[in-house]
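Q: model this:
(chains A and B)
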Amino acid sequence: MKEILQQIKEVVVEGFKACDYDEKYGMVSLSNRPDLCQFQCNGAMAAAKEYKKAPIAIANEVVEKLAGNAMFSKCEACPPGFININLSDEFIASFVSGMADDTERFGVDKVASPKKIMIDYGGPNVAKPLHVGHLRSAIIGESIKRTARFMGDEVIGDVHLGDWGLQMGLIITELKLRKPELVYFDENYDGEYPTEAPFTISELEEIYPCASGKSKEDEAYKEAAMTATYELQHGRKGYQALLSHILNVSVSDLKRNYEKLDVTFDLWKGESDAQPYIPDMVQKMKDDGFAYISEGALVVDVKEDTDTKEVPPCMILKSDGASLYNTTDLATMVWRMKDYNPDSIVYVVDKRQELYFTQVFRCAKKTGIVPESTNLYFVGFGTMNGKDGKPFKTRQGGVMRLEYLLSEVEEKMLEKIKENGTMNDEDADNTAKIVGLSAVKYGDLSNQASKDYIFDIDRFTSSEGNTGPYILYTIVRCKSILAKAGVSTSDGAILPAHSESERGLQLELTKFMAALNSAYEDMAPHKICAYIYDLANAFNKFYHDTKILAEEDEAVKASYLKLLCLTKDVLEKAIDLLGFKAPERM
RNA sequence: GUAGGCGUAGCGUAGUUGGAUAACGCAUCGGACUCCGACUCCGAAGACCGCCGGUUCGAAUCCGGCCGUCUACACCA
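A: Residues are numbered from 1 along each chain as shown, chains lettered A, B, ... in the order given. Coordinates of the predicted model:
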C-alpha cells in the first residue's frame, strides 16, 4: 500500500502545482500540534521567499484548490502560513481496513530493489563466556537483521567468532601442563584423534582466565603460549585437532546462550576462516603498490584530503611479520566478497572502534578488496552503564556474565508473576523468561544505539511506562479480549471512528509503514519502539472508554474486534522485528 | 595536545533535513474507573533545551567561541 503521508502529499503537491508553485513546497509531515490538526504542510512559508508573496496568501490559494477533496475533513490555512490538514474518518477507516486485510504485511511494501546484506554482529570469543559487552551487538544486530529481512532484503548474519590468536595458544599451553599425557601433545603420534573433547565447557571457561593470568606474570609461560600459537597456526596437527575440539565445545555453548536471547546467526564463521586468504591478499597489496614498510610495519595509507583529524595508516603486518586484527578483518572481507558478493556489509560494533573501522573500510576500498559498489556501514553502539552512570559491573566490580544478567531479570519477573497470578510454576517460569527478555531488549533498543544508556532493572521490568512489559501487557490484553469474544480474525470492514479515542487509534495505525521505513532506512530500532509505544498508548485510551464486548450494535462490535485484532497483529509484528515475543497470558 | 560524541524538568529519555505553546515516562500531588488480566484513563506541578554570540520572518535543531563530560588517537583485539 502507498504510505498515507505519500498519498496526502500527492494531493497537496497538485494543489501547489495548480497555483503555479514548485511542487517541492508540497511536503507534508505529521503535525507537531495534534490539538490543531493531524498533518501539516509548511511549504507556503518556504515558498514565500521565492515568489515574494505573503506566506498566508500562498497558503490560502493552495487551500482553495484543495477544498472539497473527499480525503480531507479539514484543510485550512493558518497564520503565518501553515496548511493544517485532517483526514476524513472514512478515508482513515478504509486505509486501516486495507491494512487489516493484508494479514502478513499490514500494507507495508517490500523495497523496490532488494539488496544482499551481510551483517556482522556478535563477535564472541571462543572459550570465553558471553558477557554484557556482547549484549548490545547481539540485540541491535538481530533487530536490524529482522527488519531488513521483512523489508525484502536478503540478509546473512555472521557471528564472526574470535577464534584466532594468542588465546588459543594459552589454552593449549595450560592444557599441556595439566594433561601432558594427551595424544595431542605427542608430535610422533600419527593416528586418528579422539572425537570426544578432553574437556567440558566449564573446564574450558576456567582454563582460559587461569592461563591468561599466568602469562601476565610468567614470561616463560607466555613464551610457551606464543610458541604454541605459532605452531598451531603453522599446521601442527595435534594442536589443530585441539582447536576443533575447543571450537566445538565452545560454539555449542555459545549457541545455547544466543538461543536464550532469541538471536540466531546464519554463519558461524570466525577469524580462523579468514587466515587462508591472508598471504595472497598481502602480496597483492604489495604488488599493486598500496602497501609499504613504515617503522618496520607493513601499512597502507588511508588519509584523505578532507580529513579534519589525523587518520593513521592501516597496519597490515606487524614489524615481526605477524598478522593482526586488521589483517583478519580485511581477509574476512575477501571471502565475504568471493563467496557472497553482498551489496553491503554492516558492522554492529562498539562505537569506540569507529576510527579503527574507518581505516579498515578505506583500506578495503582503496586496495580493491571491496568494490565501490559495495557499501560498508559502521553501526556503532554506546556503552551499557549501571545506575551510577559508569560501565555496568557486577557488585564485586567484575564483568557480568550475560547468563547471570538474564536470570536476574527473569527472577525479578517471576516475583511479579507470583505476586499477582494464579499461574502454575511451569507457566510462570516460561512467562518470566519471555517477559524478562522483552524487558532487557526493549530497555536497550528504545534508546538510540549510538548513545550510552543506563541499565536500570527496576525500570525495565516495570509494567508501567515505556517498557517491554508494558507493550506485552497491551498485547496480552488484546488477546484476552479476542479470546473472550471467541474470534481470532474477523471479516468485514473497519468502520469510521465512533469516538475521539477510536480515531486516535486508527490514525496511529496508519503510521505503521512510515515508522518501519524510517527504522529500516536509518537502521534505528528505537524508532520501532517509539512507534509501538505510541500505538499501545492510543490503544489503551480507546480501551479505557470503549466497552468492546458489551457493544450492542453487532456491526460496530465486529469493527471494534477487527481493529483490536489489527492492533495486536501490528504490535506483535513490531516486537518480532525487535527480537522478542508476547506470551499468551501474563 | 588533536579529533569526535554527548550536555533537554529531580531521574531516565524522544525530538536535531530550522517552524506554531519543547514531547514522553518514572517519581510527586489530585481525581476517575476498579468493568474486557500485574492495570488503564484524566489533570496539576516540574525546563533560561550547558553558557555566550551570530545567521533569519522563525533556532533545542545551522555557524563561531567557551565550559563540563565521555571516547579515540599505528605494531592489543
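Q: Enumerate the residues of the stretch 51-200 of chain A near RNA strand B.
A: With C-beta under 7 Å from any atom of the strand as the criterion, the stretch 51-200 of chain A meets RNA strand B at residues A:78, A:80, A:82, A:84, A:162, A:165. All C-beta atoms are positioned from the backbone trio N, CA, C, and that covers glycine.
Q: Which of the residues you listed sits closest to residue A:540?
A: residue A:84 (26.9 Å; C-beta to C-beta).
Q: State the phi and psi torsions of the spatially closest residue to the closest one that is not a sequence neighbour.
A: Among residues not flanking residue A:84 along the chain, residue A:37 sits closest, at 3.7 Å (C-beta to C-beta, 6 or more residues apart in numbering). The phi/psi pair for residue A:37 (degrees, to the nearest 10) reads phi -170, psi 170.
Q: residues touching residue A:37, list them.
A: The contact partners of residue A:37, taken as C-beta atoms under 8 Å, 6 or more residues apart in numbering, are A:31, A:74, A:84, A:85, A:86.
Q: Would you mind measuring from it to RNA strand B?
A: Using C-beta to the nearest atom of the strand, to the nearest Å, we find residue A:37 at a distance of 6 Å from RNA strand B.
Q: Name the residues that touch stretch A:560-570?
A: Against stretch A:560-570 from outside (C-beta under 8 Å, 6+ apart): A:96-97, A:99-100, A:103, A:106, A:475, A:478-479, A:481-482, A:485, A:487-490, A:492-494, A:502, A:505-506, A:509, A:512, A:532, A:535, A:539, A:546, A:548, A:551.
Q: try 7 Å this time
A: With C-beta atoms under 7 Å, 6 or more residues apart in numbering as the contact definition, stretch A:560-570 has outside contacts at A:96, A:99-100, A:106, A:475, A:478-479, A:481-482, A:485, A:487, A:489-490, A:492, A:494, A:505-506, A:509, A:512, A:535, A:539, A:546, A:548, A:551.
Q: swap in stretch A:375-390?
A: Contacts for stretch A:375-390 (C-beta under 7 Å, 6+ apart): A:132, A:135-137, A:140, A:343-351, A:354, A:357, A:361, A:364, A:370, A:391-393, A:449-456, A:523.
Q: Send me stretch A:63-70 as PDB with only the CA atoms.
A: The C-alpha coordinates for stretch A:63-70 follow below in PDB (Å, rounded to 0.1, in the frame of the first residue of the first chain):
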ATOM      1  CA  VAL A  63      -6.100  25.600   0.300                       C
ATOM      2  CA  GLU A  64      -8.700  26.900  -2.100                       C
ATOM      3  CA  LYS A  65      -7.600  24.400  -4.800                       C
ATOM      4  CA  LEU A  66      -7.800  21.500  -2.300                       C
ATOM      5  CA  ALA A  67     -11.200  22.400  -1.000                       C
ATOM      6  CA  GLY A  68     -13.800  19.600  -1.400                       C
ATOM      7  CA  ASN A  69     -11.300  16.800  -1.600                       C
ATOM      8  CA  ALA A  70     -13.000  13.700  -0.100                       C
END
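Q: buried residues in it?
A: A:63, A:65, A:66, A:69 (16 or more other C-beta atoms under 10 Å).
Q: Show me which of the residues you listed is closest to residue A:9.
A: Of all these, residue A:66 has the smallest distance to residue A:9: 12.1 Å, by C-beta to C-beta.
Q: what's the spacing between the closest one and residue A:537?
A: 31 Å (C-beta to C-beta, to the nearest Å).
Q: Filter the contacts of stretch A:375-390 down to the buried ones.
A: A:132, A:135-137, A:140, A:343-349, A:351, A:357, A:361, A:364, A:370, A:392, A:449, A:453-455, A:523.
Q: Narrow those to those in strands?
A: Members of those lying in strands (criterion: DSSP state E): A:344, A:345, A:346, A:347, A:348, A:349, A:453, A:454.
Q: filter those down to the ones near RNA strand B?
A: Near RNA strand B, judged by C-beta under 7 Å from any atom of the strand, the entries from these are A:453, A:454.
Q: Among the ones in strands among the buried ones among the contacts of stretch A:375-390, which one lies nearest to residue A:224?
A: The closest of those, once distances to residue A:224 are taken by C-beta to C-beta, is residue A:349, at 32.2 Å.
Q: Can you tell me the closest non-neighbouring residue to the residue of the stretch 401-550 of chain A found nearest RNA strand B?
A: Residue nearest to RNA strand B within the stretch 401-550 of chain A (C-beta to the nearest atom of the strand): residue A:465, separated by 2.2 Å. Nearest non-adjacent residue to residue A:465, counting by C-beta to C-beta, 6+ apart: residue A:459, 7.3 Å away.
Q: So the helix or strand containing the one you found, near RNA strand B or not?
A: Assigned by DSSP states H and E, residue A:459 belongs to helix A:457-460. Yes: remark: helix A:457-460 sits within contact range of RNA strand B at residue A:459, by C-beta under 7 Å from any atom of the strand.
Q: list the buried ones in that helix?
A: A:457, A:460.
Q: What residues of the next helix or strand after that helix count as buried?
A: Using DSSP H and E, the helix or strand that follows helix A:457-460 towards the C-terminus is helix A:468-485. Buried positions in helix A:468-485, judged by neighbour count with 16+ other C-beta under 10 Å: A:468-479, A:481-482, A:485.
Q: Might you calculate how far the helix or strand just after helix A:468-485 sits from the centre of the chain?
A: Next helix or strand after helix A:468-485 toward the C-terminus (DSSP H and E): helix A:500-510. The chain centre lies 28 Å from the centre of helix A:500-510; the measure is C-alpha atoms, centre = their mean, to the nearest Å.
Q: before we move on, back to that, any idea which of the contacts of residue A:37 is least confident?
A: Of all the contacts of residue A:37, residue A:31 carries the smallest pLDDT score, 88.
Q: how near is that one to residue A:536?
A: Here the criterion is C-beta to C-beta. By it, residue A:31 lies 20 Å from residue A:536.
Q: Ok, residue A:260 next?
A: Where residue A:536 is concerned, residue A:260 sits at a distance of 26 Å (C-beta to C-beta).
Q: And the nearest residue to residue A:267 once chain neighbours are set aside, its phi and psi?
A: Leaving out its chain neighbours, the residue that sits closest to residue A:267 by C-beta to C-beta, 6+ apart is residue A:158, at 4.2 Å. With angles defined as degrees, to the nearest 10, residue A:158 sits at phi -120, psi 130.
Q: try the one 5 residues further on
A: Dihedral angles phi and psi of residue A:163 (degrees, to the nearest 10) take the values phi -130, psi 30.
Q: quick one on the thing from earlier: out of the contacts of stretch A:560-570, which are buried?
A: Buried by 16+ other C-beta under 10 Å: A:96, A:99-100, A:106, A:475, A:478-479, A:481-482, A:485, A:490, A:494, A:505-506, A:509, A:512, A:535, A:539, A:546, A:548, A:551, out of those.
Q: Which two of the ones in strands among the buried ones among the contacts of stretch A:375-390 have the greatest separation?
A: It's A:344 and A:454 that sit farthest apart of those, by C-beta to C-beta, at 31.8 Å.
Q: in chain A, which spans are strands?
A: Using DSSP E, strands in chain A cover A:28-30, A:39-41, A:72-78, A:82-87, A:116-120, A:154-158, A:291-294, A:297-300, A:314-317, A:344-350, A:375-381, A:384-385, A:453-454.
Q: can you put those strands in CSV and add distance to residue A:333?
A: Shown next, in CSV, are the strands of chain A (distance: least, C-beta to C-beta, whole Å):
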stretch, distance to residue A:333
strand A:28-30, 39
strand A:39-41, 45
strand A:72-78, 52
strand A:82-87, 48
strand A:116-120, 10
strand A:154-158, 11
strand A:291-294, 16
strand A:297-300, 14
strand A:314-317, 12
strand A:344-350, 7
strand A:375-381, 8
strand A:384-385, 28
strand A:453-454, 31
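Q: Quick check: residue A:400 touching residue A:131?
A: Yes: Residue A:400 lies in contact with residue A:131 (C-beta atoms under 7 Å); the separation is 6.2 Å.
Q: Show me which of residue A:31 and residue A:536 is the more surrounded one.
A: Per other C-beta atoms under 10 Å, whichever of residue A:31 and residue A:536 has more neighbours is residue A:536, with 23 against 17.
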